[in-house]
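> quick one: sequence plus predicted model below, questions after.
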Amino acid sequence: MSGWRRLAPRLPSAALMGLGLAALYKASSLPFGTVREPDSGFYPILICIALAGFAGISFASPEQPRASEGDSHPRGSLRVWGIVVAMVLYVWALGAVGFLLCTAALVLLLLRGIGALPWLHSVVAAVVAAAACYALFTRLGVPLPAGMLSF
Amino acid sequence: MDILNSLVLGFSVSMQPMNLVYCFVGVLLGTLVGVLPGLGSAATIALLLPVTYSMAPTSAIIMLAGIWYGSMYGGSTTSILLRVPGESASVMTCIDGFEMARRGRAGAALGIAAFGSFIAGTLGLVGLVLLAPPLAEFALDFGPPEYFALTLLGLTLVSYLGSGTVPKALAMATLGLLLGTVGLDPVRSQERFTFGILTLQGGIDMVPMVMGLFGMSQVLHMLQTKPAPMESVPPLGKLLSLLPNRSEWRDASGAIGRGTLVGFLVGLLPGAGGTISTYVAYALEKRRSRHPERFGTGAIEGVAAPEAANNAATGSGFIPLLTLGLPANVVMALMLGAFMLHGITPGPTLLLQKPDMFWGVVTSMFIGNVMLLVLNLPLIGVFVRLARMPTVYLIPVIVVACVVGAYAVNNNPTDILMMLGFGVFGFYAERFHFSLAPLVLGFVLGPLMETSLRQSLIISGGTFEIFATRPICASLLAMAVGMVVLPLLRRLVAQRALRRAERPLA
């Protein structure tokens, strides 16, 4: 097994250890108080030390199961990151474009792009889903942004 | 108030038309969730938390509770007919249930699963009714040291009994505790880990977090993996005409009784819950059977015991939450979140301050169990068709629910990004075998743990003796320490024995 393959499953533990140490650095600027009268930094410092410690033990542990590869879809990672990027764009456009259009576009992408459903089927389902969701949640008192359709 | 009067009060609340409707909606959704592989009860409860904002608190909890115990019923159908467990608690049912179906006894397996679930669910609730009031009264004497010890024990148990390795689970639990410190210090209102961001002053919102961890991460998992092929199902008319016969009932009745007891006891333990109870109940039945070789080839006890266990565990799982305010598993942590969204803190005082709510929720579960029994057998055909539904239809539903749910917390698009961030984190955490349950429990229990630790130290004048001199606190801490130390000692002894055994060879 190559060095990288052996190291890869340990990276999340290393990242958690790094997070614990970074948080410890940040928490050290908080007032610690005393054991008799603990202040704001007392508990976070203990937690950060524990986090770094447990993550360190996990990193050093000889039993490191490999990331589950299972029956992965051939373009699984592309699909995952495609949706993540699409959702970031959704949030960016939500205020200006509005919930209805953004959500219809997102559902269309999921049905047509991921599910490979026919165009007509996908467009109708996307519009109906977005409109139904808008009607339901605005009725429940959630002010979803109307955006370009606010007339 | 004696138990009979309490039950009358409870039924007067749970039988109100709106509460009956919410109970029905909850158990129906729960059954569907149990049927659908991929979408668990935790994810569904997380997705529906924002919907409960506009509901009365009792109705909201009745509906969410229905989803949980309903999912335990639903999981058995697809496990038996398709060998597809909709819930992790139904995995053991697959083994003998599917073999029974292959041998033409699907009706018997489905019947025993439904009736066994009903009997165990009802007995589990009787246990809850009998045990919760005295435990709540006992817990009224708990002070900060006992609560600190309880939270520590809860997190330790969750980390030891959950999936994945122990250091990873403990790291996730402490990460949850750390995330719980973001925002204002509960005692002095000092900002912590807010990085000057105003929205972080109130802390990380639970709703976007759990929606991301359980809902969005599930979507990413579905996108990443290929759906498993499903088995063919015999004609449904033929299935239902073959309900359990007398000899099958005789074989299953003992297993249902033992499964109920095992499920009830295991369900009380933090971190254990329905899934582990099914393993224990199945192993127990196999061990005490005169013909253990039948297990795995279609033994009806192999269906009855795990189904009884997971349903009994749902009732007992509510006991730590309703009496101590401590969630025993991730679904109960979400329930705690639901209580808190409505400004209610479950715990020993809930029974005194809101008996109508406490007993209303408990009695609704009796009603829900009856609804589930009536729902389950006639709708098997629908459930099988639903389980075969391609995930492409499910993905947009979950994504839109996550987006709207996260946005609805503060009407702020940033919460959608937070939800997405937790979704990506949850997806990769699970791929690397980091369990998410300890993270959520740590996040939920963190503020209570911090406050009780700091109060204990202030009360004791800075000495840690307070944790050793109070008997309940000392016992709880001893259990927590034992959980950590005993496996280490066992490993050391085993290593020494191995070395001794290898020496003569060398």
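Everything's here; your move.
> burial measure for residue 9, as a count.
Here I'm looking at chain A. Residues lying near A:Pro9 (other C-beta atoms under 10 Å in any protein chain shown) number 16. Yep, even glycine has a C-beta here, placed from its N, CA and C like the rest.
> wrong chain, I was asking about chain B
There are 17 residues near B:Leu9, going by other C-beta under 10 Å.
> need the contact list for it.
B:Met1, B:Pro355, B:Asp356, B:Trp359, B:Gly360 (C-beta atoms under 8 Å, 6 or more residues apart in numbering or on different chains).
> need the residues you listed in TSV (columns: secondary structure and pLDDT).
Converted to TSV, the contacts of B:Leu9 look like this (DSSP: H, G, I helix; E, B strand; the rest coil; pLDDT from 0 to 100):
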residue	secondary structure	pLDDT
B:Met1	coil	61
B:Pro355	helix	90
B:Asp356	helix	91
B:Trp359	helix	92
B:Gly360	helix	93
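> which of these count as buried?
Neighbour-count burial (16 or more other C-beta atoms under 10 Å in any protein chain shown) applied to those gives B:Pro355, B:Trp359, B:Gly360.
> what residues are up against the last one?
Put plainly, it is B:Gly360. Per C-beta under 8 Å, 6+ apart, neighbours of B:Gly360: B:Leu9, B:Gly10, B:Val13, B:Ser14, B:Asn19, B:Thr58, B:Ile62.
> and these as a markdown table, adding secondary structure?
Below are the contacts of B:Gly360 laid out as a markdown table (DSSP: H, G, I helix; E, B strand; the rest coil):
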| residue | secondary structure |
| --- | --- |
| B:Leu9 | helix |
| B:Gly10 | helix |
| B:Val13 | helix |
| B:Ser14 | helix |
| B:Asn19 | helix |
| B:Thr58 | helix |
| B:Ile62 | helix |
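> remind me which residues of the stretch 101-250 of chain B are low pLDDT?
By pLDDT under 70, the low-scoring segments of the stretch 101-250 of chain B are B:161-164, B:227-242.
> now do the strands in it.
For the stretch 101-250 of chain B, applying DSSP state E, counting those that start in this stretch gives strands covering B:183-184, B:191-192.
> could you dump the ones you listed to JSON lines with distance to chain A?
What follows is these, written out as JSON lines (distance: least, C-beta to the nearest C-beta, whole Å):
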{"stretch": "strand B:183-184", "distance to chain A": "9"}
{"stretch": "strand B:191-192", "distance to chain A": "6"}
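> of all those, which lies closest to B:Gly254?
Shortest distance between B:Gly254 and the strands of the stretch 101-250 of chain B, using C-beta to C-beta, is found for strand B:183-184: 52.4 Å.
> parallel or antiparallel, list what pairs with the closest one.
Using DSSP bridges, the strands paired with strand B:183-184 are strand B:191-192 (antiparallel).
> so what touches the partner strand?
A:Ala27, A:Leu30, A:Ser40, A:Gly41, A:Pro44, B:Thr181, B:Val182, B:Gly183, B:Leu184, B:Asp185, B:Gln201.
> take the residues you listed and keep only those in helices.
In helices, defined here by DSSP state H, the members of the contacts of strand B:191-192 are A:Ala27, A:Pro44.
> could you export the contacts of strand B:191-192 as TSV, including distance to B:Cys94 and neighbour count?
What follows is the contacts of strand B:191-192, written out as TSV (distance: C-beta to C-beta, whole Å; neighbours: other C-beta atoms under 10 Å in any protein chain shown):
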residue	distance to B:Cys94	neighbour count
A:Ala27	47	23
A:Leu30	51	21
A:Ser40	50	24
A:Gly41	50	21
A:Pro44	44	25
B:Thr181	41	26
B:Val182	41	21
B:Gly183	44	19
B:Leu184	48	17
B:Asp185	48	20
B:Gln201	48	14
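> mind listing what's buried in the helix or strand where B:Leu448 lies?
Assigned by DSSP states H and E, B:Leu448 belongs to helix B:437-460. Buried residues in helix B:437-460, defined by neighbour count with 16+ other C-beta under 10 Å: B:437-458, B:460.
> now for A:Gly53: which residues touch it?
Residues in contact with A:Gly53 (C-beta under 8 Å, 6+ apart) are A:Gly20.
> hmm, back to that, of the contacts of B:Leu9, closest to B:Tyr69?
B:Gly360 (15.5 Å).
> once you drop chain neighbours, what's closest to the closest one?
Excluding the flanking residues, the one nearest B:Gly360 by C-beta to C-beta, 6 or more residues apart in numbering or on different chains is B:Val13, at 3.1 Å.
> give the burial count for the one you found, as a bare number.
Counted with other C-beta under 10 Å, B:Val13 comes out at 21.
> isn't it up against B:Ala56?
No - counting by C-beta atoms under 8 Å, B:Val13 does not reach B:Ala56; the two are 10.2 Å apart.
> low-scoring stretches of chain A, by residue?
Using pLDDT under 70, chain A drops low at A:1-5, A:62-71, A:73-74, A:150-151.
> can you tell me the centre-most residue of it?
In chain A, the residue lying closest to the centroid (C-alpha atoms, centre = their mean) is A:Val84, at 8.2 Å.
> report the contact partners of that residue.
The contact partners of A:Val84, taken as C-beta under 8 Å, 6+ apart, are B:Leu220, B:Leu420, B:Val424.
> go with 7 Å
By C-beta atoms under 7 Å, 6 or more residues apart in numbering or on different chains, A:Val84 lies in contact with B:Leu420, B:Val424.
> and if you look at B:Leu32?
Contacts of B:Leu32 (C-beta under 7 Å, 6+ apart): B:Gly74, B:Leu386.
> in which helix or strand would I find it?
helix B:17-35.
> give the buried residues for that helix.
So, applying 16+ other C-beta under 10 Å, buried residues of helix B:17-35: B:19-20, B:22-35.
> which pLDDT value goes with the closest residue to B:Thr151 other than its chain neighbours?
In space, and not counting its chain neighbours, B:Thr151 is closest to B:Met449: 4.1 Å by C-beta to C-beta, 6+ apart. B:Met449 carries a pLDDT score of 91 in this model.
> run a quick neighbour tally on the residue in the stretch 251-400 of chain B positioned nearest to chain A.
Going by C-beta to the nearest C-beta, chain A is nearest to B:Val392 of the stretch 251-400 of chain B, at 3.1 Å. For B:Val392, the count of nearby residues is 17 (other C-beta under 10 Å).
> which neighbouring elements make contact with the helix or strand where it lies?
Here B:Val392 sits within helix B:391-410, counting by DSSP H and E. Applying 3 or more C-beta pairs under 7 Å, 6 or more residues apart in numbering or on different chains; DSSP states H and E, one finds that helix B:391-410 contacts helix A:99-108, helix A:119-139, helix B:41-48, helix B:206-210, helix B:217-224, helix B:414-431.
> just send those back as CSV, with mean neighbour count and distance to B:Gln190 too.
Shown next, in CSV, are the helices and strands packed on helix B:391-410 (neighbours: other C-beta atoms under 10 Å in any protein chain shown; distance: least, C-beta to C-beta, whole Å):
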stretch, mean neighbour count, distance to B:Gln190
helix A:99-108, 22, 38
helix A:119-139, 15, 36
helix B:41-48, 27, 30
helix B:206-210, 26, 22
helix B:217-224, 24, 33
helix B:414-431, 21, 23
